[in-house]
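S.K.: quick one, what's the 3D model for this:
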Amino acid sequence: EKQDGTGNISYDPANHDFMVRTRQAKIDGIDVPDLEVDDPTGDATLLVIGWGSTYGPITAAVRDVRREGIEVAQAHIRHLNPFPANLETVLRRYEHVLVPEMNLGQLATLLRAKYLVDACSYDQVSGMPFKAGQLAHVIREVLNVA
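M.R.: Next comes the predicted model:
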């Protein structure tokens with residue numbers, strides 16, 4: 001750790017604590033826009049939330065199940081650290097939260113740990129993108145309409 005003020009190497013526990021908290025305060029001070037949710041009727045019980053490359057497949061899958069009359073909301077996180085300030089409010093609005101990810105479920109893990117919500121992780125690590133039909137099937141399963 002560097003000593004506050006001098007930049008010299010420091011092994012002082014109090015300095016380490018101060019520097020860790022100083023860095024966290026900088027992150028916490030970043031202004032991140034609120035998360036926008038696509039929930040046309042406001043009656044959805046399922047939120048499908050993604051980040052990165054899952055945007056297209058999630059959007060296509062949600063569009064497909066909505067055509068069947070299934071109410072489902074979607075959101076796409078663009079800022080992971082810090083999360084949008086309204087993220088907890090958004091997550092708690094829905095009975096089910098589905099998190100499709102092209103990894104081992106790191107976002108779902110963070111959402112569960114930080115907000116204590118039962119986020120259902122759906123992971124794929126094949127290196128191939130999700131297919132809309134595949135995600136539509138998962139959405140139906142989560143809502144028990146498969």
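S.K.: can you give me the offset of the longest helix along the chain from its chain's centre?
M.R.: For the chain, the longest helix by residue count, based on DSSP state H, is helix 13-28. Chain-centre distance of helix 13-28: 25 Å, with CA atoms, centre = their mean, to the nearest Å.
S.K.: now what about it, what contacts it?
M.R.: By CB atoms under 8 Å, 6 or more residues apart in numbering, the surrounding residues in contact with helix 13-28 are E1, K2, Q3, D4, S10, N81, P82. C-beta: built from backbone N, CA, C; applies to glycine.
S.K.: make it 7 Å
M.R.: Here helix 13-28 makes contact (CB atoms under 7 Å, 6 or more residues apart in numbering) with E1, K2, Q3, D4, N81, P82.
S.K.: which element is P100 on?
M.R.: strand 96-101 (DSSP states H and E).
S.K.: what are the contacting residues of that strand?
M.R.: Identification of contacts with strand 96-101 by CB under 7 Å, 6+ apart yields 45-50, 54, 58, 91, 107-108, 111, 117, 119-123, 130, 135, 138-139, 142.
S.K.: buried among those? Need that as a selection in ChimeraX.
M.R.: Only the buried entries of these go into this ChimeraX selection, using 16 or more other CB atoms under 10 Å:
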select :46,47,48,49,50,54,58,91,107,108,111,117,119,120,121,122,130,135,138,139,142
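S.K.: now the element after the helix or strand of the chain with the lowest mean pLDDT, going C-ward?
M.R.: Within the chain, confidence by mean pLDDT, DSSP states H and E is lowest for helix 13-28 among all helices and strands, at a mean of 94. Moving toward the C-terminus from helix 13-28, the first helix or strand encountered (DSSP H and E) is strand 37-38.
S.K.: that following strand pairs with which strands, and in what direction?
M.R.: Looking at strand 37-38 with DSSP bridges, its partner strands are strand 73-77 (antiparallel).
S.K.: which positions within stretch 33-43 qualify as buried?
M.R.: The neighbour-count check on stretch 33-43 (16+ other CB under 10 Å) flags L35, V37, D38, D39 as buried.
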